[in-house]
Every structure is written in C-alpha cells, then in structure tokens.
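> what's the 3D shape of this:
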Amino acid sequence: MIDFVATFVVFFAVVDPIGTVPVFIAVTSHFDKDGRKRIALIASLVAAAVLLFFVVAGEYILIAMSIPLPAFQIAGGIVLFIFALTMIFGESKPDEEVKLVHSHRETAVFPLAVPSIASPGAMLAAVLLTENNRFSAWEQVQTASMMLAVLFVTYLLMLIAGHVNRLIGSSGASVVSRVMGLILASVATSNTLAGIKLYFGL
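Residues are numbered from 1 along each chain as shown. Got it, this is the predicted structure:
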C-alpha cells in the first residue's frame, strides 16, 4: 500500500496545477467559454496520456537501453532537484511558461499539456514512483490513480481559472510554485540518496 497523501503531494508539486492557471488564461485569452472548456479537456487528456505512457513504458525503455534503474533514479533525482531549484530561485512556472504562449501557436497541446501540465519533472516522477522492483502492480495502479487525481484537480482549476486568478493573482501562483519547488527538492534528494544506496549496495 502506497502513501496516498505523499504520492499526491509529489505529483501536485511536479504538475503544479495552480501554476498552470496563468498559463491556461494566456493560452485561452482569445477563446469563448466553450472553447476554453474544450481546451482544458484536451490538455488534461493529452497530459494524462503522456504521463501514463511513462508509467507503463518508461522503465521498459530504460531496460531496452541497458540503463540500470538505480542510475536512472540518481540522475532523475538530480534533474528533479535542478528543476526544483529553477522553481524556487528562477522564474516561476507561470512566468516562464506564459512566455511560450507569445512565441508559439496557441494550442491545448503546447505549451499547456506539455510542458505545463506534463512537465519533465512529472514524467520523471511517473517513472521513479512506479519502479517494478520497488512497487507491485497494484501499488503502481494506486500511484497512477493519484497522478490522475492531480490531473483532475488541474482540469477543475482550469475550468474556474478566472476565479482562481482573481483570488490569488499571478503573484500568488508564483508563491505557490516556489513552495512546491521546495517540497520537490526534498523529494528529489530522497530519490537520489535511495538510488545511491541501491547502486552501491549500501
């Protein structure tokens, strides 16, 4: 049995649903209410498909490339830690990804589904939290359900994005993003240490 709360918090940190709200508002600024709902649904479904792909096939891809899981866990932890540092000290997720809207065609897939919702950090977390040698099939299903629950929260927040933005504003979303970055840094450190322990047989 997995720790549902901890798993939910990890995915909440890497997906950052609140940080997605300003991105969603920027992407959908020229669409009517029905269009915004459709974009929110498409973005959520695409993000879910991408992350579920990493849950199911991510580890097998590593095996096919002869990459030991502990090595991936160490590397993934380091990358997640760097990703967390950019959330804490760099431009927050909303600020960074809103800029993508102005330089690319506005679509539900980019930059909303990827990389805003299904971020590189979320993809790594999906693989690290569903390792076959650490988690049973049932535990992996439970982890996937928590991931989907976070995506559903993200979808709901996009539906009420206008209200959320008026409530907390871009500054509030930036603060939340940085707090999530701190949580993610702790998770990344834990993953790296666990990977080192496994790799060296400590």
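
> In terms of secondary structure, what does the helix ranked longest in the chain contact?
Across the chain, the longest stretch assigned as helix under DSSP state H is helix 161-200. Applying 3 or more CB pairs under 8 Å, 6 or more residues apart in numbering; DSSP states H and E, one finds that helix 161-200 makes contact with helix 4-15, helix 17-27, helix 69-89, helix 93-103, helix 120-128. (C-beta placed from N, C-alpha, C; glycine too.)

> if you set the cut-off to 10 Å instead, what comes out?
Counting contacts by 3 or more CB pairs under 10 Å, 6 or more residues apart in numbering; DSSP states H and E, helix 161-200 packs against helix 4-15, helix 17-27, helix 33-64, helix 69-89, helix 93-103, helix 120-128, helix 137-159.

> Quick check: residue 109 touching residue 44?
No. Taking contacts as CB atoms under 10 Å, residue 109 lies outside contact range of residue 44: 11.4 Å.

> Between those two, tell me which one has more neighbours.
residue 44 (24 against 15; other CB atoms under 10 Å).

> so what's that one up against?
Each residue near residue 44 by CB atoms under 10 Å, 6 or more residues apart in numbering is listed here: 20, 108, 112-113, 117-118, 148, 151-152, 154-156, 158-159.

> For the residue lying closest to residue 62 once chain neighbours are set aside, give its distance to residue 126.
Counting by CB to CB, 6 or more residues apart in numbering, residue 62 lies nearest to residue 72, which is 5.4 Å off, once chain neighbours are set aside. Counting by CB to CB, to the nearest Å, the gap from residue 72 to residue 126 is 12 Å.
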